[in-house]
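# after the sequence you'll find the predicted model.
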Amino acid sequence: MEILNEAKLLWKYLKKYKREVQRLAVFAMLASVLGALVPFIYGRLIDVISLQPQSFSFILALLGVWTLASVSSAFISRTVGFRGSAIGIKASNDLTCNAVSHIINLPLSFHNEKKTGEIFARIQRADRYLFQIIDDIVFWFLPHLASILFGIVILFFVEWRLAIGIVFMVLGYFAITIYKTKPLVEKQSELNKAYEFAFGNLYDALSNVRVIKSCAAEGFQTVKTERDFKKKLAKVFKNFVGLWYSLHLWQDIFYALAFVVVFGGAILLLSRGVISSGKLIMSLGYLGLVRLPLKAFGFHWKAFRTGITTIKRLEEVLASDTEDFNEEGKIIKNPQGEIEFRNVSFSYKKGKPVLKNISFVAPAGTKIALVGGSGEGKTTLVDLISLYFKPNKGKILLDGIDIRDLNLRFLRKIIAYVPQEISLFNDTVKNNIRYGKPDATDQEIIWAAKAANAHQFIESFPQKYDTLVGERGIKLSTGQKQRIAIARALIRNPKILILDEATASLDSESEKLVQQALDRLIKGRTTFIVAHRLSTIRNADKILVIQKGRIVEEGTHRELIKKKGVYWKFYSLQFRLKTIEITTK
């Protein structure tokens, strides 16, 4: 039953190419039949030469059939193998593309919990094993296995006793292989986890190489990587290889003993005159025919079982529910951008609320600042606007409509987010800006860059807009990355804008250029600013002070300063610290 489920899983990736697979299966069977005929032909040839040496025309005919069968089988097998490899490549590419498509459509909570390197390793290994199963097993091993079956059928008609001997030889070999492969498959699962863990940590290290260098932690990271690969992974791999060589030993011993028994039986039959010399040679031919597939069976059975195990590990991820994009949901023709929170509560884990009974209105085109200490719920609040997470209680309304009733793609298309730490693709400047609007023209990209105060520095690059920005934008300064991100947001023409203090890490000159760009970006849009530097939000239409997931104060800068409450304390502390910094310089 289990093997049927595994075959169904494999067929899932092959059924798209059903007709081509069926056509190749017919040709593979033809090649198998032709290959199985060869030992019969040269066995008959020996008998004809021994008993009727004068039959030159028949001998020549047999030689001709032998040549034709061998050449045809080789040619057809090569064609099947070549086209089978092409199907394997297409199916493995389908797996990778479908997996990536599914994973990027999973909710943000999944990506917050999983290591990118671990998921990448699962996809990569599943891709490789799927190709190997299709190429090596479906279109190479199975046709050779069919040759054994056809050969045994032919041998039954010639000498049933020899055929029975080969049947027991094949069945015994299969039984030993399947029995000894079971612990290999279990160890493979452990090996997969070890690989994913090691490569997950390695990916993290390579993604944060700047942190490693800034902490002078190259030695520490090297030791950590060596522990993952040379100790943990190597130990599991050593046990795996030990089981593999144990399997080979049992296979070789059984094949040697079985060969002696079958061939010894053939010699005995020959000595008693039951079979001819030709049939003896024929039996040797069929023993040779089964040798290569039998030797390969252990490898391919292990590859199939471990490959399916690896694909199943990816299937576990693919079984996760993607976000409900509510494709049939409402689309507002002319959205204004008014946002209202009505008694919204939210928690990532049951019993640990992050937001509690949040209520406020952000009229269209207004600027709302969120103030509070780290971990108070500011980022969670703005994440709820994009429905990265759904409220546990209450409603969030866009122009009076519950955002859960909206088409999710529509909702996110009218929202732009500019974080403090910008991540860019390792692509050109032009393509990084165009990501905000994939169908944008070059003129629109240049307009957005100019509005974001980015055009001048882009034009100074040798390749201008075709300049590669490097991994995560490493070739650009922080201020340049911020302006590219602002251009990417501008080109979308969003109704709602979310800013995570985009000037917090900039020098004075860069801050001025970025602030000018932000002023253009904010104009006419409902804007939420997660504020760290309170001096940047004095002109906000409304400031929400959040503590322990609740709004404890709200109002304009002037109103909150007059209250001399929580906001006044934050502001006074930052002002005093700034004064101290100035006086000590």
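All right, it came through fine.
# switch to C-alpha atoms for all contacts and neighbour counts from now on
Will do.
# next up, phi/psi of the residue nearest to Asp466 when sequence neighbours are not counted, please.
Leaving aside its chain neighbours, Asp466 sits nearest to Thr428 (5.0 Å; criterion: CA to CA, 6 or more residues apart in numbering). Note on Thr428: backbone dihedrals following degrees, to the nearest 10 are phi -80, psi 160.
# how close does the residue most central in space within the chain sit to Thr181?
Among the residues of the chain, the smallest C-alpha distance to the mean C-alpha position (CA atoms, centre = their mean) belongs to Ile123, namely 3.8 Å. Distance of Ile123 to Thr181, given as CA to CA, to the nearest Å: 24 Å.
# go on, Tyr571?
For Tyr571, the distance to Thr181 equals 68 Å [CA to CA].
# now the closest residue to Arg550 other than its chain neighbours: phi and psi?
Distance criterion CA to CA, 6+ apart; nearest residue to Arg550, sequence neighbours excluded, is Lys356 at 5.4 Å. Its backbone dihedrals place Lys356 at phi -130, psi 110, with angles given as degrees, to the nearest 10.
# got the domain boundaries for the chain?
Domain segmentation of the chain under automatic domain parsing yields 2-318, 337-414+496-585, 422-493.
# please identify the helix or strand for the residue nearest to the centre of the chain.
When secondary structure is defined using DSSP states H and E, the element that contains Ile123 is helix 116-132.
# setting aside sequence neighbours, what's the nearest residue to Phe237?
For Phe237, ignoring the flanking residues on the chain, the nearest one in space by CA to CA, 6+ apart is Leu191 at 6.6 Å.
# which stretches of the protein form strands?
For the chain, applying DSSP state E gives strands covering 339-349, 352-362, 367-371, 393-398, 401-402, 415-418, 496-500, 526-530, 542-547, 550-555.
# list the contacts of Gln547.
Gly372, Gly373, Glu376, Gly377 (CA atoms under 8 Å, 6 or more residues apart in numbering).
# just the buried ones from these, in PyMOL syntax?
With 16 or more other CA atoms under 10 Å as the burial test, the buried ones among the contacts of Gln547 are selected in PyMOL as follows:
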select buried, resi 372+376+377
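# looking at the contacts of Gln547, which has the smallest pLDDT value?
The pLDDT minimum for these sits at Gly373, where the score is 80.
# distance of that one from Trp568?
Spatial separation of Gly373 from Trp568 under the definition CA to CA is 14 Å.
# do the same with Leu257
90 Å.
# picking that back up, which residues touch the residue nearest to Asp466?
Residues in contact with Thr428 (CA under 8 Å, 6+ apart) are Tyr465, Asp466, Thr467, Leu468, Val469.
# swap in Pro438?
Listed by CA under 8 Å, 6+ apart, Pro438 has no contact partners.
# and it, how close does it get to Ile445?
Pro438 sits at a distance of 11 Å from Ile445 (criterion: CA to CA).
# with Ile76 instead?
Applying CA to CA, one obtains 54 Å for the distance of Ile76 from Ile445.
# give the buried subset of the contacts of Thr428 as a ChimeraX selection command.
In ChimeraX syntax, the buried subset of the contacts of Thr428 is picked out as below (16+ other CA under 10 Å):
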select :465,467,468,469
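# that older thread, the strands of the chain into CSV, with extra columns for mean pLDDT?
What follows is the strands of the chain, written out as CSV (pLDDT from 0 to 100):
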stretch, mean pLDDT
strand 339-349, 90
strand 352-362, 89
strand 367-371, 89
strand 393-398, 92
strand 401-402, 92
strand 415-418, 86
strand 496-500, 86
strand 526-530, 89
strand 542-547, 90
strand 550-555, 88
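# for stretch 77-90, what is the average pLDDT?
Computed over stretch 77-90, the mean pLDDT rounds to 86.
# buried ones in that stretch?
Ser77, Arg78, Val80, Gly81, Arg83, Gly84, Ser85, Ile87, Gly88, Ile89, Lys90.
# from those residues, which ones fall inside helices?
Under the assignment DSSP state H, the buried residues of stretch 77-90 contribute Ser77, Arg78, Val80, Gly81, Arg83, Gly84, Ser85, Ile87, Gly88, Ile89, Lys90 to helices.
# would you mind measuring from the second one to Gly84?
Counting by CA to CA, the gap between Arg78 and Gly84 amounts to 10 Å.
# just give me the neighbour total for the closest residue to Val65 other than its chain neighbours.
With CA to CA, 6+ apart as the measure, Ile41 is the residue that lies nearest to Val65, at 7.9 Å, once sequence neighbours are left out. The number of residues packed near Ile41 is 17, by other CA atoms under 10 Å.
# neighbour count winner among Leu257 and Trp568?
Here Leu257 and Trp568 are compared on neighbour count by other CA under 10 Å; more neighbours surround Trp568, at 17 against 11.
# wait, Gly285 sits on Pro39?
Yes: counting by CA atoms under 8 Å, Pro39 is a contact partner of Gly285 at 4.9 Å.
# between these two, who's got more neighbours?
Counted by other CA under 10 Å, Gly285 and Pro39 do not tie: Pro39 has more neighbours, with 25 against 19.
# give the contact list for that one.
Going by CA under 8 Å, 6+ apart, the list of residues near Pro39 reads Ile281, Met282, Ser283, Gly285, Tyr286.
# which residue, other than its chain neighbours, is closest to the third one?
This means Ser283. Closest residue in space to Ser283, ignoring its immediate chain neighbours: Leu162 at 6.9 Å, by CA to CA, 6+ apart.
# tell me the confidence at the one you found?
Taking Leu162 on its own, its pLDDT is 81.
# where in the stretch 301-450 of the chain is pLDDT low?
In the predicted model of the stretch 301-450 of the chain, no residue satisfies pLDDT under 70.
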